[in-house]
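J.: Please find the sequence and the predicted model below.
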There are 2 protein chains.
Amino acid sequence: MKELALIEQIRRSFAASRSKAVALGIGDDCAILRPPAGSEVLVTTDFTLEGKHFRRDLHPPESVGHRCLARGLSDLAAMGATPMAAFLSLALPASPLADPKSRTWITRFFKGLRALADQHHITLAGGDTAESPSDAILADIVLLGAAPIGRSLRRSGAKPGDALYVTGSLGGAAAELSSLFTLNTFPAKISKTVNHPQTFPQPRIAIGQALLRRKLATACIDISDGLSTDLAHLCRASNVAAELEQSAIPLHPLTRKLAPDAALNLALHGGEDYELLFSAPTSTRIPHQLAGIPITRIGQFTRKQAKRPLMTLLGLEGTRATLEPHGWEHFSLS
Amino acid sequence: MKELALIEQIRRSFAASRSKAVALGIGDDCAILRPPAGSEVLVTTDFTLEGKHFRRDLHPPESVGHRCLARGLSDLAAMGATPMAAFLSLALPASPLADPKSRTWITRFFKGLRALADQHHITLAGGDTAESPSDAILADIVLLGAAPIGRSLRRSGAKPGDALYVTGSLGGAAAELSSLFTLNTFPAKISKTVNHPQTFPQPRIAIGQALLRRKLATACIDISDGLSTDLAHLCRASNVAAELEQSAIPLHPLTRKLAPDAALNLALHGGEDYELLFSAPTSTRIPHQLAGIPITRIGQFTRKQAKRPLMTLLGLEGTRATLEPHGWEHFSLS
């Protein structure tokens, strides 16, 4: 139980870094948040389970802590929300963690989580801890954010004729994961996080906020399950079809050493890129960059028609191919 | 993966039973809640892990679903909050659930959860699902509630001289658990839930709301870890000491078949009773009942003094004994 006491200690250390919206953090029956007046409250929860979402032998602990929080932050980004607070439920196995090496793991996990939390001015306002019933580390993160009432960016607002945009570049997370599997180890020294889209993804909070504030987007979703799968979600929620221009898709530098087909495949279906996909009328002037990140127009929405594909890929030679969602089949409800 | 699809189906069925505060439920990147104007938002998260919090061979699935939600509702009750929505992260083992018996388990789990959710007019507004990395079923529930700004009942408001009250009766949950272990099975037919304080605890939402609305309590906590442990939490948060009158402690009917010492032991340290413990000035008239549940004065708060015990038990013969917290050592942060 010493490890749980250690967690308590680390998590209580978060109490010092209070978010503005947190009126009462760790230590009572509930945490108390006070969203700005005129706000609606955004909520998202995401599991991070060892063996399913990460491997302890492959992912550095800082990466596990970072990704835990990044998943939830990316969901807030997709709605244009301002993060208020995070809640972490963490279960650790009893036996394998009862040694100094494991205490180091926990400390490094929280270091990774905290670095990203500080970057976004949020704190851990609560959560739960328990002993894991197996050897697997289990985490569930909850993120709460705020947005002006009625202004949150939903998946359902895209209209036929709207253009389709994506932030940053795609396929990097899958390319990094694939090289991790090949190397079967993580580089001892982490250089810039931009080179680690899988292990240290950067949620696009500032871009989501800009899209909301400047009323640029009609619909938005984050690309956590892969472009093809998340675009299908957006199409279904908005009741529209989409055409994707292959030549326009921005490929992550890490995919450049791959054959063109393989690179395209990762960009379309790889998942975990945590970029934003959004729609806007062609009459809306979309900047080439938002918050320092390139914005690329990669297609357009069309009217949904019976017997016509939901998604079409316009190839380099003017070909048209049906695009099927082949990303991560993820049964999340949020 | 069929089981996950089944969960999706069941959880989507919750979409029909919208809570008033839920502007957008399952199906986008985040859920959207709109608390009443002038509210603060209360948040609590609780793990329910197989082998740690329940046994699949002992607890009926309805009980597991019910208790999952009851844990969070009880935390909201302790703050006097009005529940707004629940979020459930649920991981199921792949192999053991790939049979009709297991599909029945899931259906019955959600039946239990839903019955309690309906009773409190809330719905599942989101969550996450995953495959469990082991054979254990893993759940994490998040509850959001609302209370008028600055009015939430905290643990920290008790003053020396305040009287100490408890709702309902104590020791029932531990007594039922002990008889479950002895019988090693659950009775096929569940009679009234009042007889099942462990398997179907009733969170005291209406009482918490009445305490807040009528400004009756100066501090409040729920008794999830046992009277001795939760009273110690309250004393420490309020910086006061407490005297507990043994003769006044209301014992649950299920403890009556036990020896008096054993019954007292369960009432003091048993845990999981989910009653409320609160403080009020002696000048405040506390009703004998709230929401149909008896309210009992069981002691008083005194000034905390160095070298004096934090908690004292006043015995039947006028004895004074130091009361140590011997309840559930629970490392929850909320």
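T.: Thanks, I have it. Numbers count the residues shown, from 1 in each chain, chains lettered A, B, ... in the order given.
J.: tell me the domain boundaries of chain A?
T.: For chain A, the structural domains run A:2-148, A:163-322, going by automatic domain parsing.
J.: which SS state does whichever residue of the stretch 51-200 of chain A sits closest to chain B fall under?
T.: Going by CB to the nearest CB, chain B is nearest to residue A:134 of the stretch 51-200 of chain A, at 3.3 Å. For every residue, glycine as well, the C-beta is placed using N, CA and C. Judged by DSSP: H, G, I helix; E, B strand; the rest coil, the three-state class of residue A:134 is coil.
J.: Please read off the pLDDT at it from the model.
T.: pLDDT recorded at residue A:134 is 90.
J.: Packed most tightly, which of the domains of chain A would that be?
T.: By mean neighbour count, with neighbours taken as mean count of other CB atoms under 10 Å in any protein chain shown, domain A:2-148 ranks first of the domains of chain A at a mean of 22.
J.: the helices in the stretch 151-300 of chain A, which residues?
T.: Here the stretch 151-300 of chain A has its helices, by DSSP state H, counting those that start in this stretch, at A:172-183, A:205-213, A:227-238, A:260-269.
J.: Just the angle for the last one relative to helix A:227-238, thanks.
T.: Angle between the axes of helix A:260-269 and helix A:227-238 is 30 degrees (criterion: axes from the mean of the first three to the mean of the last three CA atoms, to 10 degrees).
J.: The shortest one too?
T.: Angle, helix A:205-213 to helix A:227-238, by the same axes, to 10 degrees: 20 degrees.
J.: Residues contacting stretch A:196-203, please?
T.: Applying CB atoms under 8 Å, 6 or more residues apart in numbering or on different chains, the contact partners of stretch A:196-203 are A:59-60, A:63, A:66-67, A:70, A:73-74, A:76-77, A:120, A:172-177, A:180, A:186, A:190, A:193-194, A:222, A:252, A:254, A:272-274.
J.: And for stretch A:249-265?
T.: The set of residues external to stretch A:249-265 that reach it, using CB under 8 Å, 6+ apart, is A:166, A:168-173, A:175-176, A:179, A:195, A:197, A:227, A:246, A:266-268, A:273, A:294, A:296, A:298.
J.: average pLDDT across that stretch?
T.: Averaging pLDDT along stretch A:249-265 gives 94.
J.: Equivalent analysis for stretch A:53-72, please.
T.: 92.
J.: then that stretch to CSV, C-alphas only?
T.: Extracted in CSV, the C-alpha atoms of stretch A:53-72 (Å, rounded to 0.1, in the frame of the first residue of the first chain):
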residue,chain,number,x,y,z
HIS,A,53,-3.2,1.5,-24.9
PHE,A,54,0.4,1.3,-23.9
ARG,A,55,3.2,-1.2,-23.2
ARG,A,56,5.3,-0.7,-20.1
ASP,A,57,8.4,-2.1,-21.8
LEU,A,58,8.0,0.3,-24.8
HIS,A,59,6.5,3.5,-23.6
PRO,A,60,8.5,5.7,-21.2
PRO,A,61,6.4,6.4,-18.1
GLU,A,62,6.4,10.2,-18.9
SER,A,63,4.8,9.2,-22.2
VAL,A,64,2.1,7.2,-20.5
GLY,A,65,1.2,10.1,-18.2
HIS,A,66,1.4,12.6,-21.1
ARG,A,67,-0.8,10.5,-23.4
CYS,A,68,-3.3,9.8,-20.6
LEU,A,69,-4.0,13.5,-20.4
ALA,A,70,-3.5,14.3,-24.1
ARG,A,71,-6.4,12.0,-25.0
GLY,A,72,-8.9,14.0,-23.0
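J.: where does chain A dip in pLDDT?
T.: Residues of chain A meeting the criterion pLDDT under 70: A:1-4, A:6-7, A:11-12, A:15-18, A:95-98, A:187-194, A:328-334.
J.: What ranges does it have for its strands?
T.: Here chain A has its strands, by DSSP state E, at A:22-24, A:31-33, A:39-49, A:82-92, A:124-131, A:138-148, A:163-167, A:219-223, A:240-245, A:275-280, A:289-290, A:293-303, A:311-314, A:320-322.
J.: so can I have a markdown table of the ones you listed showing distance to chain B?
T.: Below are those laid out as a markdown table (distance: least, CB to the nearest CB, whole Å):
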| stretch | distance to chain B |
| --- | --- |
| strand A:22-24 | 6 |
| strand A:31-33 | 4 |
| strand A:39-49 | 4 |
| strand A:82-92 | 5 |
| strand A:124-131 | 4 |
| strand A:138-148 | 4 |
| strand A:163-167 | 14 |
| strand A:219-223 | 6 |
| strand A:240-245 | 16 |
| strand A:275-280 | 10 |
| strand A:289-290 | 18 |
| strand A:293-303 | 18 |
| strand A:311-314 | 19 |
| strand A:320-322 | 24 |
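J.: need those strands in CSV with distance to residue B:52, can you?
T.: Output for the strands of chain A, formatted as CSV (distance: least, CB to CB, whole Å):
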stretch, distance to residue B:52
strand A:22-24, 27
strand A:31-33, 23
strand A:39-49, 16
strand A:82-92, 8
strand A:124-131, 6
strand A:138-148, 11
strand A:163-167, 41
strand A:219-223, 33
strand A:240-245, 45
strand A:275-280, 38
strand A:289-290, 45
strand A:293-303, 43
strand A:311-314, 44
strand A:320-322, 47
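J.: Out of those strands, which is closest to residue B:208?
T.: Closest to residue B:208 of those, according to CB to CB: strand A:31-33, at 14.3 Å.
J.: Given that closest one, what are its sheet partners and their directions?
T.: Strand partners for strand A:31-33, identified by DSSP bridges, are recorded as strand A:22-24 (antiparallel), strand B:39-49 (antiparallel).
J.: For residue A:236, which of these is the nearest?
T.: Each of the strands paired with strand A:31-33 was scored for nearness to residue A:236 using CB to CB, and the closest is strand B:39-49 (30.2 Å).
J.: quick one: that closest one to strand A:124-131, angle?
T.: Strand B:39-49 and strand A:124-131 are oriented at 20 degrees to each other (the same axes, to 10 degrees).
J.: the inter-axis angle of strand B:39-49 versus strand B:82-92?
T.: Relative orientation of strand B:39-49 and strand B:82-92, computed by the same axes, to 10 degrees: 30 degrees.
J.: could you dump strand B:39-49 to CSV, C-alpha only?
T.: What follows is strand B:39-49 as a C-alpha-only set of coordinates in CSV (Å, rounded to 0.1, in the frame of the first residue of the first chain):
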residue,chain,number,x,y,z
SER,B,39,-24.5,26.9,-9.8
GLU,B,40,-21.1,25.4,-9.0
VAL,B,41,-20.3,22.0,-10.4
LEU,B,42,-19.5,19.0,-8.2
VAL,B,43,-17.4,16.2,-9.6
THR,B,44,-16.5,12.8,-8.1
THR,B,45,-15.0,9.6,-9.6
ASP,B,46,-15.0,6.1,-8.2
PHE,B,47,-13.4,2.8,-9.3
THR,B,48,-15.4,-0.4,-9.1
LEU,B,49,-12.9,-3.2,-9.8
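J.: That one to strand A:138-148, inter-axis angle?
T.: With the same axes, to 10 degrees applied, the angle from strand B:39-49 to strand A:138-148 works out at 160 degrees.
J.: Residue A:85 contacts residue A:22, correct?
T.: Yes - with contacts counted by CB atoms under 8 Å, residue A:85 reaches residue A:22, the gap being 5.2 Å.
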